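Novice: Sequence and predicted structure are below.
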Amino acid sequence: MMNEPAHTNSVTRTLRLKVRREAYPWLNAAAIEVNTVWNWANEVSAKAARPFAGRPRWLTGFDLNNLSAGTADFLAHIGAATIQRVNCEYALKRRLAKRVKLRWRVSRGRRRSLGWVPFKAVSLKRRGRAVRFCGKTFRVFEAERLDGLEWRQGCFVQDAVGDWWICLPVLVRIEASAARHPAVGIDLGLKDTAVTSDGERLEAGRFYRGIETAIAEAQRRGHKRQAKRLHRKAANRRRDALHKFSRKIVDQYQNIVVGDVSSLKLTQTRMAKAVLDAGWGMLRTQLQYKGEHAGRSVTIVNEQFTSRVCSQCGLLRGPQGLRQLVVRKWECSACGAEHDRDINAARNILTAGLRCRASVRGNESPYLLVSPTQAYRVCEPGIEPMRAAA
């Protein structure tokens with residue numbers, strides 16, 4: 001807008017509200033019809049891409065909408081707008097996956113797909129403390145959050161427990177504020193999920209490991225729904241803790257540098273449960289999009305040797321090897337500086353990030369990997385030590 005202040009940034013956020021239980025049977029039936037339309041689009045697109053005769057054709061969402069004209073007359077729950085949304089979504093997913101055929105959506109059985117009912121923005125109307133869609137009224141929890149909002153096309157989604165949620169993308173204006181501190185480095189680990197170069201820690205919450213026994217007991221008793229609820233509880237607690245920590249970091253620091261520790265590789269080891277419970281990838285994702293919204297610079301750098309290099313003199317004098325992971329504090333034999341293992345790694349990560357070309361407003365490549373030779377120099381005894389970045 002022309003009159004909009006320069007410090008205001010407009011971003012899209014998804015409002016997620018839980019639907020009350022009386023609407024579940026209708027949504028379950030509508031999800032089956034959505035699966036039918038998806039599978040039809042999957043079959044027709046595959047046949048067009050690999051025809052028995054003639055030239056192959058890659059059907060778009062527009063083509064599928066033309067072919068499915070009049071289908072709504074034979075479906076009891078969803079209308080033409082929802083069918084068009086399914087066709088367009090299928091065409092987009094297929095184009096991004098670069099595949100002739102996608103997976104079928106299964107409506108029944110043990111391997112059934114979770115429910116999904118998309119809609120256009122004009123198809124969903126506000127009715128007091130409820131919303132109306134396809135002639136059906138849906139009551140939702142926390143309906144007051146819908147006051148004064150204009151949403152875009154969204155969807156109804158079902159979680160593993162069987163509960164239904166409505167997801168509404170809304171445009172929110174955020175006023176960019178100045179950060180109180182210039183930069184921070186973050187080291188990701190298992191003893192503490194995240195440690196900053198200023199000494200702040202996000203303790204490992206043991207969100208799953210803490211209730212692992214209760215989940216196992218529920219599964220042995222055959223209470224699958226209870227086990228799924230416990231899994232959802234662990235995921236919600238983990239997401240809440242990471243959201244609070246990432247928001248605090250983005251509000252305080254202008255330049256944020258994070259190590260590139262790989263969750264996928266460590267899940268192949270004995271530490272798999274602890275790694276997945278930490279949620280490193282989720283934390284990095286939250287820092288990236290929140291930093292982009294707030295006008296921060298978020299950089300991901302190579303963290304090789306960061307635990308062993310002295311952040312004061314730059315010499316490789318720290319403990320090394322798997323057996324030395326129990327050593328959490330050590331003293332540099334060259335300069336005599338005492339280090340906490342995680343804080344020292346975070347400071348070296350910050351130094352590596354300040355020496356590389358940081359992304360502007362966090363909207364460049366999400367993984368800016370910097371080799372150790374470009375980020376910082378590792379000095380052996382007798383070589384000029386590394387100088388900390390100013």
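Specialist: Done, it's in.

Novice: helix or strand right after the biggest helix by length in the chain?
Specialist: Among the segments of the chain that qualify as a helix by DSSP state H, the longest is helix 224-252. Heading C-terminal from helix 224-252, the first helix or strand you meet, by DSSP states H and E, is strand 253-259.

Novice: Now do that next one and helix 224-252, the angle between them.
Specialist: Counting by axes from the mean of the first three to the mean of the last three CA atoms, to 10 degrees, strand 253-259 points 130 degrees away from the direction of helix 224-252.

Novice: What pairs with strand 253-259, parallel or antiparallel?
Specialist: Paired neighbours of strand 253-259 in the sheet (DSSP bridges): strand 181-188 (parallel), strand 297-301 (parallel).

Novice: got JSON lines for these, with mean neighbour count too?
Specialist: Yep, even glycine has a C-beta here, placed from its N, CA and C like the rest. Shown next, in JSON lines, are these (neighbours: other CB atoms under 10 Å):
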{"stretch": "strand 181-188", "mean neighbour count": "22"}
{"stretch": "strand 297-301", "mean neighbour count": "26"}
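
Novice: just the helices in the chain please.
Specialist: Under DSSP H, the chain gives helices at 24-49, 61-67, 80-97, 212-220, 224-252, 263-266, 272-278, 280-294, 341-355, 372-375.

Novice: List the buried residues in the longest one.
Specialist: Using 16 or more other CB atoms under 10 Å as the burial criterion, the residues of helix 224-252 that qualify are 226-231, 234-235, 237-238, 241-242, 245-246, 249-250, 252.

Novice: Over to the fourth one?
Specialist: Judged by neighbour count (16+ other CB under 10 Å), helix 212-220 contains these buried residues: 215, 218.

Novice: quick revisit: right, and the strands paired with strand 253-259 - which one's nearest Phe156?
Specialist: strand 297-301 (32.6 Å; CB to CB).

Novice: For that closest one, give the mean pLDDT please.
Specialist: For strand 297-301, mean pLDDT is 88.

Novice: and that strand with helix 280-294, angle?
Specialist: 150 degrees.

Novice: what about strand 297-301, distance to the chain center?
Specialist: Distance of strand 297-301 from its chain centroid, counting by CA atoms, centre = their mean, to the nearest Å, is 16 Å.

Novice: Tell me who's in contact with the closest residue to Thr82 other than its chain neighbours.
Specialist: Counting by CB to CB, 6 or more residues apart in numbering, the nearest residue to Thr82 once its immediate chain neighbours are dropped is Phe119, at 5.7 Å. Counting by CB atoms under 8 Å, 6 or more residues apart in numbering, Phe119 makes contact with 81-82, 85, 133-134, 153-156.
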